[in-house]
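> Following is a predicted model, sequence given first.
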Amino acid sequence: MNRNDVDWAGYIPAITTPFARNGDMDWAALGAQLEWHVQQRMHGVVLAGTSGEWFSLSEAERAQLFLEAGRTIDKRITVLGGCNAYTAAEAIRHARAAERAGLDGILLTPPPYIVPSRRELVQFYTDVSDATDIPICIYNWPRGCVVDMDVELLDELAEIDHVVAIKNSTPNFATFLQGAYALRHKVRYFNMPTSALGADLASLGISDGLMGAGGVLGADHSDFWRRVAAGDKAGAVALGERDRVIMKAWFNKDFAGNFGSAQAILKTALRLRGVPAGHVRRPLLELTAVEVEQVRATLEGLGLATVALADT
(Lines give C-alpha, C1' and ligand atoms only; values in the text may rest on other atoms or scores of the structure.)
Protein backbone atom coordinates (compact mmCIF):
# COMPACT_ATOMS: atom_id res chain seq x y z
CA MET A 1 0.00 0.00 0.00
CA ASN A 2 0.93 3.66 -0.41
CA ARG A 3 -0.72 7.09 -0.46
CA ASN A 4 -2.60 6.28 -3.65
CA ASP A 5 -4.58 3.49 -1.97
CA VAL A 6 -6.57 5.97 0.16
CA ASP A 7 -8.27 9.31 -0.48
CA TRP A 8 -7.70 10.83 2.96
CA ALA A 9 -7.35 14.60 2.77
CA GLY A 10 -8.57 17.86 4.29
CA TYR A 11 -9.63 18.29 7.90
CA ILE A 12 -10.04 15.10 9.92
CA PRO A 13 -10.57 15.96 13.60
CA ALA A 14 -9.86 13.65 16.50
CA ILE A 15 -13.31 13.82 18.08
CA THR A 16 -14.24 13.57 21.74
CA THR A 17 -15.65 10.41 23.28
CA PRO A 18 -18.87 11.35 25.12
CA PHE A 19 -19.05 10.15 28.71
CA ALA A 20 -21.97 10.79 31.03
CA ARG A 21 -21.35 12.56 34.34
CA ASN A 22 -20.93 9.18 36.05
CA GLY A 23 -18.31 8.06 33.54
CA ASP A 24 -20.51 5.73 31.50
CA MET A 25 -20.34 5.80 27.72
CA ASP A 26 -23.06 7.96 26.18
CA TRP A 27 -23.81 6.24 22.89
CA ALA A 28 -26.70 8.55 21.97
CA ALA A 29 -24.42 11.57 22.34
CA LEU A 30 -21.80 9.87 20.17
CA GLY A 31 -24.28 9.41 17.34
CA ALA A 32 -25.48 13.01 17.58
CA GLN A 33 -21.95 14.36 17.68
CA LEU A 34 -20.95 12.32 14.63
CA GLU A 35 -23.96 13.64 12.72
CA TRP A 36 -22.89 17.19 13.60
CA HIS A 37 -19.43 16.55 12.17
CA VAL A 38 -20.96 15.22 8.95
CA GLN A 39 -23.26 18.25 8.73
CA GLN A 40 -20.24 20.51 9.24
CA ARG A 41 -18.63 18.96 6.16
CA MET A 42 -15.68 17.37 7.92
CA HIS A 43 -13.58 15.25 5.60
CA GLY A 44 -13.39 12.53 8.23
CA VAL A 45 -13.05 11.81 11.94
CA VAL A 46 -10.60 10.02 14.21
CA LEU A 47 -12.00 7.89 17.03
CA ALA A 48 -10.24 7.16 20.33
CA GLY A 49 -7.41 9.60 19.74
CA THR A 50 -5.86 11.82 22.38
CA SER A 51 -8.92 14.10 22.27
CA GLY A 52 -11.04 10.94 22.50
CA GLU A 53 -9.40 9.87 25.78
CA TRP A 54 -8.23 6.51 24.46
CA PHE A 55 -6.31 6.03 27.70
CA SER A 56 -9.60 5.88 29.63
CA LEU A 57 -11.28 3.31 27.40
CA SER A 58 -11.38 -0.43 28.00
CA GLU A 59 -10.64 -2.70 25.07
CA ALA A 60 -14.33 -3.62 24.83
CA GLU A 61 -15.39 0.04 24.93
CA ARG A 62 -12.98 0.94 22.16
CA ALA A 63 -14.24 -1.91 19.97
CA GLN A 64 -17.85 -0.83 20.58
CA LEU A 65 -16.91 2.78 19.84
CA PHE A 66 -15.52 1.70 16.47
CA LEU A 67 -18.63 -0.35 15.72
CA GLU A 68 -21.14 2.35 16.68
CA ALA A 69 -19.29 5.07 14.77
CA GLY A 70 -18.86 2.89 11.70
CA ARG A 71 -22.59 2.22 11.63
CA THR A 72 -23.49 5.87 12.12
CA ILE A 73 -21.11 7.29 9.51
CA ASP A 74 -21.87 4.49 7.04
CA LYS A 75 -19.03 5.46 4.66
CA ARG A 76 -20.19 9.07 4.26
CA ILE A 77 -16.79 10.37 5.39
CA THR A 78 -13.45 8.81 6.33
CA VAL A 79 -13.31 7.16 9.76
CA LEU A 80 -10.01 6.23 11.41
CA GLY A 81 -9.74 4.28 14.64
CA GLY A 82 -7.11 5.25 17.18
CA CYS A 83 -5.23 2.08 18.16
CA ASN A 84 -2.64 3.48 20.56
CA ALA A 85 -1.29 0.81 22.91
CA TYR A 86 1.78 -0.20 24.89
CA THR A 87 2.36 -3.40 22.93
CA ALA A 88 1.95 -4.50 19.33
CA ALA A 89 -0.29 -7.37 20.48
CA GLU A 90 -2.77 -4.93 22.01
CA ALA A 91 -2.60 -2.55 19.04
CA ILE A 92 -3.30 -5.49 16.74
CA ARG A 93 -6.45 -6.36 18.68
CA HIS A 94 -7.64 -2.76 18.32
CA ALA A 95 -6.77 -2.78 14.60
CA ARG A 96 -8.75 -5.95 14.06
CA ALA A 97 -11.70 -4.37 15.87
CA ALA A 98 -11.43 -1.42 13.47
CA GLU A 99 -11.43 -3.84 10.54
CA ARG A 100 -14.52 -5.64 11.84
CA ALA A 101 -16.27 -2.29 12.23
CA GLY A 102 -15.52 -1.42 8.60
CA LEU A 103 -13.38 1.62 9.41
CA ASP A 104 -11.20 3.11 6.69
CA GLY A 105 -7.92 2.92 8.58
CA ILE A 106 -6.19 3.25 11.91
CA LEU A 107 -4.10 5.94 13.61
CA LEU A 108 -1.21 4.63 15.69
CA THR A 109 1.38 6.39 17.87
CA PRO A 110 4.56 4.78 19.15
CA PRO A 111 4.00 2.95 22.44
CA PRO A 112 3.71 5.71 25.08
CA TYR A 113 5.93 6.06 28.16
CA ILE A 114 8.51 3.37 27.35
CA VAL A 115 10.59 5.44 24.88
CA PRO A 116 11.28 2.70 22.30
CA SER A 117 14.45 2.73 20.20
CA ARG A 118 14.46 3.19 16.43
CA ARG A 119 14.79 -0.57 15.88
CA GLU A 120 11.95 -1.24 18.30
CA LEU A 121 9.72 1.31 16.58
CA VAL A 122 10.28 -0.26 13.16
CA GLN A 123 9.47 -3.68 14.61
CA PHE A 124 6.37 -2.38 16.41
CA TYR A 125 4.81 -0.94 13.26
CA THR A 126 5.91 -3.93 11.19
CA ASP A 127 4.23 -6.32 13.63
CA VAL A 128 0.95 -4.40 13.41
CA SER A 129 1.13 -4.17 9.63
CA ASP A 130 1.86 -7.88 9.26
CA ALA A 131 -1.17 -8.82 11.36
CA THR A 132 -3.81 -6.73 9.59
CA ASP A 133 -4.91 -5.54 6.15
CA ILE A 134 -6.18 -2.13 7.28
CA PRO A 135 -4.36 1.05 6.14
CA ILE A 136 -2.20 2.64 8.82
CA CYS A 137 -1.53 6.30 9.61
CA ILE A 138 1.55 6.68 11.80
CA TYR A 139 1.18 9.41 14.42
CA ASN A 140 4.33 11.18 15.57
CA TRP A 141 3.21 12.64 18.92
CA PRO A 142 6.30 13.65 20.93
CA ARG A 143 4.37 15.20 23.82
CA GLY A 144 2.48 12.00 24.57
CA CYS A 145 5.05 9.43 23.52
CA VAL A 146 8.34 11.12 24.54
CA VAL A 147 10.02 10.21 21.22
CA ASP A 148 10.12 12.60 18.23
CA MET A 149 10.58 10.49 15.11
CA ASP A 150 12.94 12.15 12.64
CA VAL A 151 12.53 12.20 8.87
CA GLU A 152 14.94 9.33 8.29
CA LEU A 153 12.94 7.08 10.62
CA LEU A 154 9.59 8.18 9.18
CA ASP A 155 10.93 7.44 5.72
CA GLU A 156 11.82 3.91 6.81
CA LEU A 157 8.40 3.44 8.41
CA ALA A 158 6.73 4.67 5.21
CA GLU A 159 8.08 1.56 3.47
CA ILE A 160 6.11 -0.79 5.75
CA ASP A 161 3.36 -2.56 3.79
CA HIS A 162 0.17 -1.00 5.15
CA VAL A 163 1.49 2.45 6.06
CA VAL A 164 -0.27 5.00 3.85
CA ALA A 165 -0.14 8.21 5.92
CA ILE A 166 1.74 10.11 8.61
CA LYS A 167 0.34 12.61 11.08
CA ASN A 168 3.39 14.56 12.16
CA SER A 169 2.85 16.64 15.30
CA THR A 170 6.51 17.41 15.90
CA PRO A 171 7.01 20.85 17.50
CA ASN A 172 10.01 21.34 15.18
CA PHE A 173 8.51 23.04 12.13
CA ALA A 174 11.74 22.79 10.12
CA THR A 175 11.69 19.01 10.59
CA PHE A 176 7.99 18.95 9.72
CA LEU A 177 8.65 20.70 6.42
CA GLN A 178 11.61 18.45 5.66
CA GLY A 179 9.32 15.46 6.12
CA ALA A 180 6.60 17.02 3.98
CA TYR A 181 8.96 17.39 1.05
CA ALA A 182 10.69 14.03 1.54
CA LEU A 183 7.60 11.85 2.03
CA ARG A 184 4.87 13.49 -0.05
CA HIS A 185 5.11 10.95 -2.89
CA LYS A 186 5.04 7.94 -0.55
CA VAL A 187 2.38 8.69 2.06
CA ARG A 188 -0.40 11.13 2.87
CA TYR A 189 1.16 13.75 5.11
CA PHE A 190 -0.88 15.60 7.71
CA ASN A 191 -0.73 18.55 10.11
CA MET A 192 0.24 21.47 7.92
CA PRO A 193 -0.75 24.62 9.85
CA THR A 194 -3.75 26.62 8.65
CA SER A 195 -1.67 29.70 7.87
CA ALA A 196 -0.66 31.61 4.74
CA LEU A 197 2.44 29.43 4.45
CA GLY A 198 0.36 26.32 5.02
CA ALA A 199 -2.06 27.40 2.29
CA ASP A 200 0.80 28.01 -0.16
CA LEU A 201 2.44 24.65 0.53
CA ALA A 202 -0.85 22.74 0.44
CA SER A 203 -1.69 24.31 -2.93
CA LEU A 204 1.61 22.90 -4.19
CA GLY A 205 0.75 19.41 -2.98
CA ILE A 206 3.21 19.49 -0.08
CA SER A 207 0.57 18.41 2.48
CA ASP A 208 -2.73 16.56 2.45
CA GLY A 209 -4.42 18.32 5.34
CA LEU A 210 -4.73 18.49 9.10
CA MET A 211 -5.82 15.97 11.71
CA GLY A 212 -6.82 18.46 14.35
CA ALA A 213 -8.53 18.22 17.72
CA GLY A 214 -12.22 18.32 18.44
CA GLY A 215 -13.47 20.21 15.38
CA VAL A 216 -14.84 22.97 17.62
CA LEU A 217 -15.16 25.51 14.79
CA GLY A 218 -17.04 23.08 12.58
CA ALA A 219 -17.00 23.91 8.87
CA ASP A 220 -14.42 26.68 9.39
CA HIS A 221 -11.82 23.92 9.76
CA SER A 222 -12.77 21.86 6.74
CA ASP A 223 -13.50 24.87 4.51
CA PHE A 224 -9.91 26.08 4.92
CA TRP A 225 -8.83 23.14 2.78
CA ARG A 226 -11.69 23.56 0.33
CA ARG A 227 -10.73 27.19 -0.23
CA VAL A 228 -7.09 26.23 -0.72
CA ALA A 229 -8.19 23.72 -3.38
CA ALA A 230 -10.33 26.41 -5.03
CA GLY A 231 -7.42 28.85 -5.16
CA ASP A 232 -8.98 31.20 -2.59
CA LYS A 233 -5.93 31.79 -0.42
CA ALA A 234 -7.32 34.92 1.26
CA GLY A 235 -10.51 33.12 2.25
CA ALA A 236 -8.56 30.15 3.54
CA VAL A 237 -6.23 32.31 5.61
CA ALA A 238 -9.18 34.15 7.15
CA LEU A 239 -10.60 30.84 8.33
CA GLY A 240 -7.19 29.71 9.53
CA GLU A 241 -6.84 32.84 11.64
CA ARG A 242 -10.02 31.89 13.50
CA ASP A 243 -8.42 28.56 14.36
CA ARG A 244 -5.30 30.35 15.62
CA VAL A 245 -7.49 32.38 18.01
CA ILE A 246 -8.67 29.29 19.87
CA MET A 247 -5.26 27.64 19.74
CA LYS A 248 -3.62 30.65 21.39
CA ALA A 249 -6.41 31.19 23.90
CA TRP A 250 -6.76 27.58 25.03
CA PHE A 251 -3.50 25.72 24.32
CA ASN A 252 0.24 26.24 24.67
CA LYS A 253 2.93 25.52 22.08
CA ASP A 254 3.16 21.93 23.27
CA PHE A 255 -0.58 21.41 22.60
CA ALA A 256 -1.39 21.19 26.33
CA GLY A 257 -4.29 23.12 27.82
CA ASN A 258 -3.58 26.58 29.18
CA PHE A 259 -6.18 25.84 31.88
CA GLY A 260 -7.61 22.42 32.58
CA SER A 261 -6.99 19.48 30.29
CA ALA A 262 -7.22 19.81 26.53
CA GLN A 263 -10.02 17.23 26.54
CA ALA A 264 -12.07 19.20 29.09
CA ILE A 265 -11.59 22.40 27.10
CA LEU A 266 -12.70 20.78 23.85
CA LYS A 267 -15.73 19.09 25.40
CA THR A 268 -16.77 22.30 27.13
CA ALA A 269 -16.43 24.30 23.91
CA LEU A 270 -18.51 21.82 21.96
CA ARG A 271 -21.21 21.66 24.63
CA LEU A 272 -21.31 25.46 24.67
CA ARG A 273 -22.03 25.24 20.95
CA GLY A 274 -24.86 22.81 21.61
CA VAL A 275 -22.92 19.73 20.45
CA PRO A 276 -23.29 16.67 22.75
CA ALA A 277 -19.60 16.09 23.43
CA GLY A 278 -20.10 14.67 26.90
CA HIS A 279 -17.89 15.01 29.96
CA VAL A 280 -14.35 13.90 30.72
CA ARG A 281 -13.66 10.68 32.59
CA ARG A 282 -11.48 10.62 35.69
CA PRO A 283 -8.62 11.16 36.27
CA LEU A 284 -9.41 14.22 34.11
CA LEU A 285 -11.62 16.85 35.72
CA GLU A 286 -14.21 19.27 34.36
CA LEU A 287 -13.34 22.92 33.98
CA THR A 288 -14.18 25.31 36.79
CA ALA A 289 -16.99 27.83 36.31
CA VAL A 290 -14.42 30.55 35.69
CA GLU A 291 -12.66 28.44 33.06
CA VAL A 292 -15.96 27.67 31.34
CA GLU A 293 -16.54 31.39 30.95
CA GLN A 294 -13.06 31.77 29.43
CA VAL A 295 -14.02 29.25 26.77
CA ARG A 296 -17.37 30.95 26.23
CA ALA A 297 -15.69 34.35 25.81
CA THR A 298 -13.39 32.98 23.10
CA LEU A 299 -16.27 31.44 21.16
CA GLU A 300 -18.45 34.54 21.41
CA GLY A 301 -15.48 36.69 20.43
CA LEU A 302 -15.47 34.74 17.16
CA GLY A 303 -19.14 35.47 16.66
CA LEU A 304 -20.34 31.98 17.63
CA ALA A 305 -23.54 31.63 19.63
CA THR A 306 -23.31 29.71 22.90
CA VAL A 307 -25.87 28.02 25.12
CA ALA A 308 -26.26 27.85 28.88
CA LEU A 309 -24.73 24.78 30.56
CA ALA A 310 -26.91 23.49 33.35
CA ASP A 311 -24.29 20.92 34.34
CA THR A 312 -21.18 23.08 34.86
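Cool, the structure landed. These numbers were taken from a predicted model, which means no experiment stands behind them.
> Would you map the helices across the stretch 101-250 of the chain?
In order along the chain, the stretch 101-250 of the chain carries the following helices (DSSP state H, counting those that start in this stretch): 118-130, 142-145, 151-157, 173-183, 196-203, 219-229, 233-250.
> Among those helices, show me which one is buried the most.
Between the helices of the stretch 101-250 of the chain, helix 219-229 has the highest mean count of neighbours, a mean of 22, where neighbours are mean count of other C-beta atoms under 10 Å. (C-beta placed from N, C-alpha, C; glycine too.)
> Direction-wise, compare that one with helix 196-203 and give the angle.
With axes from the mean of the first three to the mean of the last three C-alpha atoms, to 10 degrees as the basis, helix 219-229 and helix 196-203 are set at 60 degrees to each other.
> Touching helix 219-229 from outside, list them.
Residues external to helix 219-229 that are found in contact with it (C-beta atoms under 8 Å, 6 or more residues apart in numbering): 9-11, 13, 40-43, 194, 199, 202-203, 209-210, 212, 215, 233, 235-236, 239-240, 242-243.
> Which of the residues in stretch 131-147 are classified as buried?
Applying a neighbour-count criterion of 16 or more other C-beta atoms under 10 Å, one finds 131-132, 134-142, 144-145, 147 buried in stretch 131-147.
> nearest to V290, of those residues?
Nearest to V290 among the buried residues of stretch 131-147 is G144, at 27.3 Å by C-beta to C-beta.
> rewinding a little: just the buried residues of stretch 131-147 now: which is nearest L65?
The nearest one, if we look at those relative to L65 and count by C-beta to C-beta, is I134, at 15.8 Å.
> And the spatially closest residue to that closest one that is not a sequence neighbour, which helix or strand is it part of?
Counting by C-beta to C-beta, 6 or more residues apart in numbering, the nearest residue to I134 once its immediate chain neighbours are dropped is E99, at 5.0 Å. When secondary structure is defined by DSSP states H and E, E99 falls within helix 88-100.
> and that helix with helix 118-130, angle?
For helix 88-100 against helix 118-130, the angle by the same axes, to 10 degrees is 30 degrees.
> Output the contacting helices and strands for helix 88-100.
Other helices and strands packing on helix 88-100, by 3 or more C-beta pairs under 8 Å, 6 or more residues apart in numbering; DSSP states H and E, are helix 59-73, strand 78-82, strand 105-108, helix 118-130.
> Pull out the buried positions in it.
In helix 88-100, residues buried by neighbour count (16+ other C-beta under 10 Å) are 88, 91-99.
> Could you dump those residues into CSV with distance to K186 and pLDDT added?
Formatted as CSV, the buried residues of helix 88-100 follow (distance: C-beta to C-beta, whole Å; pLDDT from 0 to 100):
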residue, distance to K186, pLDDT
A88, 22, 98
A91, 22, 98
I92, 23, 98
R93, 28, 98
H94, 25, 98
A95, 21, 98
R96, 25, 98
A97, 27, 98
A98, 22, 98
E99, 23, 98
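> partners of L80 in the sheet?
When bridges are called by DSSP bridges, L80 pairs up with V46, G105.
> Tell me who's in contact with it.
Counting by C-beta under 8 Å, 6+ apart, L80 makes contact with 8, 12, 44-47, 103-107, 137.
> P135 contacts D7, correct?
No. With contact defined as C-beta atoms under 8 Å, P135 and D7 do not form a contacting pair (10.7 Å).
> Quick check, pLDDT for A310.
According to the prediction, A310 has pLDDT 78.
> residues contacting it?
For A310, the contact set (C-beta under 8 Å, 6+ apart) is empty.
> Name the spans of this protein whose pLDDT lies under the cut-off.
Within the chain, the stretches falling below the threshold (pLDDT under 70) are 311-312.
> switch to 50 and redo it
Applying pLDDT under 50 to the chain flags the ranges 312.
> where does the residue nearest the centre of it fall, phi/psi-wise?
The chain has A14 as the residue nearest its centroid, 3.0 Å off, counting by C-alpha atoms, centre = their mean. Backbone dihedrals for A14, given as degrees, to the nearest 10, come out at phi -80, psi 110.
> how close does it get to G144?
12 Å (C-beta to C-beta, to the nearest Å).
> same deal with G44?
Remark: distance between G44 and G144 (C-beta to C-beta) = 21 Å.
> just to revisit the earlier point, what residues are shared contacts of A14 and G144?
Taking C-beta under 8 Å, 6+ apart as the contact criterion, the common neighbours of A14 and G144 are T50.
> end-to-end on stretch 124-139?
The first and final residues of stretch 124-139 sit 13 Å from each other (C-alpha to C-alpha, to the nearest Å).
> returning to that earlier point: mind putting the helices and strands packed on helix 88-100 in TSV, distance to L309 included?
TSV is the format used below for the helices and strands packed on helix 88-100 (distance: least, C-beta to C-beta, whole Å):
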stretch	distance to L309
helix 59-73	24
strand 78-82	27
strand 105-108	30
helix 118-130	40
